[in-house]
Every structure is written in structure tokens, then in C-alpha cells.
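In: need coordinates for the following:
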Amino acid sequence: MRLSGLDLGDLLSDEFVQRRQSGYDVADLEEPILQALTNGSVAECERLFELLEEAPRREDWAYEEPSELGEIRSVLPEAPSLPELGLDEDRLHDRLQAAWLGRCAGCVLGKPVEGWDRETIRSYLQLARAYPLEDYVPRLEPMPYGWKMHPSWPEVVRGSVRFVARDDDIDYTILGLHILETRGFDFGLEDVAETWMSRVPFLATYTAERAAYRNVVCGLRPPDTAIHRNPCREWIGAQIRADMWGYVSPGDLERAAELAFKDAALSHTRNGIYGEMWASALVAASFVAPNMRTALEVALTKVPPRARLAEALRYVFGLRERGLGWEAARSELEERYGHYSFAHTINNAAVVAAALMWGEGDYARTVGLAVLGGSDTDCNGATAGSAFGAMHGMESLPGSWVEPLNDRVRSAVTGFDDSRISDLAERTLRLVGAYAKGSREPGM
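Out: You can find the predicted model right below:
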């Protein structure tokens, strides 16, 4: 999946893991699949794929995880009330600017070590005398044997940051802005699909997005685009697309989650969808909540309570209530959820929630912990930084983090490369104002 999205062997292997982790009885297929991956024919792989798709759910499966919006809504708890949005236009602009910048800087921070586990990150940073993280990741020269940074490292390591390097985490925030500007707030899954086709190169997508893109090109329509040969449908790809829906819904979690669903269902199911609904609600709540714990608690009401994601987020709350320090809490999370892919929704959302709580209202500590947690580090740094900026505003972002970005962001989205972050924030503010005046149409 991480290469072409078309290799049958990769799809078969990943689909087996996806089915097993989501409660299907596939134990009898493990050995035949291993044999087929070693020396099986294409026909045998196809046959085993069909058997995976026909496998029944285990009788002891304890979770309820719908993928339809109506079914999701029917099981959601009532959200507690939040304060009204008490920000005038200038203060809202400040928060939106901080959310954009917080997201961009957090993403850049995590890029060099994307995919590294927490022990590898800590060992490297200790060797570089940069642990804990209080600035961008340094580059050791020569790099010690066994460590390999993300290929983007020349643009994202300490001392080399001159702009926000191109990254899908930021591409999708930009794409959400473009969808709202051109399709309006009443956009649908078809609008999302058409925008992807016209604005995003195929090779600038990954995992579930690449599978969905392939499915659209092959003539499938939503929601089948999220299901067919897409073993990454509960991975983090939708969660990283969430922030724009929260930006344009300050204090309105219902609207943020609804917009997120309309985007997520093109490529994701179950916990993949919930991740985007949760993250968008978290950002929306951060504009009005008195503290991050409250924002996290109300955002959880947009996740079905018997879903694995809800269980994981409640587990993070429990770790905090037990008084654990960051390292002990992260170790427990690793023990409980470390079996998921480094790019799965559940384990990464737990890291983001923990970083926001243990970050103690300090930007550097918050995004630093999100990255030190390992796994999908650029995604987690971006989401944590976004929510932090939305809550605390520009004065909370130290110049050492935002000044190196020079207000510039590179992007694979057609027409948006080398955008000004300040311009993107102003355009986002205009969308908020247009919606407040009752307009749901494009061209705002």
C-alpha cells in the first residue's frame, strides 16, 4: 500500500491484519496466506482475498462500530455544553492563524523521524543532546549507522527550515479549504472525489487515500471507494484531513463532525471515520473550551462509545487520572496499542490526546511529546499543534518555532504551492464569516 497501492500481495497481507484487528475470524487463513505470499499464484491470492472478505465476525467481538452517518449519530452520547464563541473577528483571526502555524510547525517537527518508534527517537535525540525536544530535530553528521531520516530531512531539520516542506498533512488542510471555497458547505463525497482527481497527483497520496483514488479512477463510487481492496481504511489518513472542518466550525462540534464525515467516508470506515470526526471536533472545541482536558472530553462525544477509538481515548484519561508521568503513560499505551500499524488511527489518536494533556499548556512540550511518542510523528505533531494554536492563540507560539517557516508552505495541491500561511488563515476566516451570515454556497 505504501508504494503503488496496486500490489496484490501487499493488499492481501494488510487485509488479513485489518480483518483480524477488527474482529473477524480469519485464523484459519493465516497459513494459506503466508504460503501464497511466498509461492502462490495470482489466482490463489485472489481466492484468499475473497475468503477474507467473506469471513464472519467473532462471537466474542465486544465493539459496535457503524460506518453510516445515521447509525453513528444514533449511538453518540449527548455532548456537554460549551461556552459560546466569544471571540471578535480580530481574536478569531489570531486563533486561526495560530492553529495554521501550530499545525505547520508541528508537522515539520515530526517529519525527519516519521515512522520511528519512541525508543529509536529517544536514543537518537540523546545522542544529539537534544532530548527532550525543545526545537526542531537536529541532524547528526555523519548520521550514525542504522538511523535513516525521512527523505525530506534537508528541508526540515534544525537550522535548515526555511518554509513548510510539502506534506500530505498540510495538503489536505489546504484541500479542505479549496473544497469549501469551490463547493460550499453542502459538499458531498462526489465533490471530494472530483477535487482529489483535479487537484492532487496520485503519487502524492498514500495508504487509504491512494486506494480510494485508485478506486475512483476505476469507476467505483462512494462509499465503495473506501471498501474495495483498501486494507488501510481504519488508518490515520482521514484523521489528518480533519482540521479545516474544525477551523470553520469554532465551538460547533456537530458541524465540524458532519463535515468531517462527508470527507472521511470517501476513503475510510469505522475508526478511520471516527478519527476525522474526533479530530475536527477537538479543533472546534479548542476555540471555546476552558482547557485542553475539556476539549478532549467533549470531542470524545463524536466517537461511538463502544468503538475501539473511544476505548483508547478513555484509557488515556484514565492514565492521567492515575497520576502517571509521560514516560510511564506512553509505555502503557505502547503495551496496549502497539500492535497497530505505525499509521493506524487508534494508537496515534491516543498519542495526540496524551501529548495535549501532558503538554501542560506549553507549545514546545506539547508538540515535542506528540513527536517523542513515535509512530506517525508528523501527523501527531500537526494535530496536536493545531488544537493547541486554536486554544491559545499566537502569543503562545514561540518565535523560534514559527519564524523559520517564513509564512510559506509548499504543497502538491494544484494552485497552492508556495502559499502564504497568513493568506490561508485569512481565507479560512472569510469562510467562518460567510457561514455565520447564512451562506453555504461556494464562491465565498
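In: nearest residue to T366 in space, please, no chain neighbours.
Out: Closest residue to T366 apart from its sequence neighbours, by Cβ to Cβ, 6 or more residues apart in numbering: G359 at 3.0 Å. Placement of C-beta: from N, CA and C, glycine included.
In: tell me how far that neighbour lies from A285.
Out: As for G359, its distance to A285 is 16 Å (criterion: Cβ to Cβ, to the nearest Å).
In: look at those two and report which has more neighbours.
Out: More crowded of G359 and A285, by other Cβ atoms under 10 Å: A285, with 31 against 20.
In: now the more buried one: how far from M143?
Out: According to Cβ to Cβ, A285 and M143 sit 41 Å apart.
In: could you do T428 as well?
Out: Taking Cβ to Cβ as the measure, T428 falls 38 Å from M143.
In: now N348
Out: For N348, the distance to M143 - Cβ to Cβ - is 26 Å.
In: same question, A355
Out: Separation of A355 from M143 (Cβ to Cβ): 26 Å.
In: just to revisit the earlier point, show me which of T428 and M143 is the more surrounded one.
Out: The neighbour count for T428 versus M143, taken as other Cβ under 10 Å, is higher for T428 (25 against 12).
In: which SSE is the more buried one in?
Out: Using DSSP states H and E, T428 sits in helix 421-436.
In: what mean pLDDT does that helix have?
Out: Mean pLDDT, helix 421-436: 94.
In: now swap in stretch 173-192 and tell me
Out: For stretch 173-192, mean pLDDT rounds to 97.
In: for that stretch, C-alpha coordinates in CSV please.
Out: Extracted in CSV, the C-alpha atoms of stretch 173-192 (Å, rounded to 0.1, in the frame of the first residue of the first chain):
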residue,chain,number,x,y,z
THR,A,173,-5.9,21.1,5.2
ILE,A,174,-5.4,23.2,2.1
LEU,A,175,-7.6,20.9,0.0
GLY,A,176,-10.4,21.2,2.6
LEU,A,177,-10.2,25.0,2.3
HIS,A,178,-10.5,24.7,-1.5
ILE,A,179,-13.4,22.3,-1.3
LEU,A,180,-15.3,24.8,0.9
GLU,A,181,-14.4,27.7,-1.3
THR,A,182,-15.5,26.0,-4.6
ARG,A,183,-18.2,23.5,-3.5
GLY,A,184,-19.7,25.2,-0.4
PHE,A,185,-20.6,23.7,3.0
ASP,A,186,-23.1,21.4,1.4
PHE,A,187,-20.4,19.4,-0.5
GLY,A,188,-20.7,15.7,-0.8
LEU,A,189,-18.5,12.7,-1.3
GLU,A,190,-18.6,13.1,-5.1
ASP,A,191,-17.3,16.6,-4.7
VAL,A,192,-14.4,15.4,-2.6
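In: ok, back up a step: give me phi/psi at the residue nearest to T366?
Out: The phi/psi pair for G359 (degrees, to the nearest 10) reads phi -70, psi -20.
In: residues contacting it?
Out: G359 makes contact with M292, R365, T366, V367, L369, A384, F388, according to Cβ atoms under 8 Å, 6 or more residues apart in numbering.
In: any chance of TSV for the residues you listed, columns secondary structure and distance to F187?
Out: Listed next are the contacts of G359 as TSV, based on DSSP: H, G, I helix; E, B strand; the rest coil; distance: Cβ to Cβ, whole Å:
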residue	secondary structure	distance to F187
M292	helix	30
R365	helix	37
T366	helix	32
V367	helix	30
L369	helix	35
A384	helix	27
F388	helix	28
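In: contacts for stretch 114-122 next, please.
Out: With Cβ under 8 Å, 6+ apart as the test, stretch 114-122 has contacts from 113, 124, 131, 147, 150, 330, 334, 342, 371-378.
In: you'd agree T414 is in a strand?
Out: No - checked against DSSP: H, G, I helix; E, B strand; the rest coil, T414 lies outside a strand; its state is coil.
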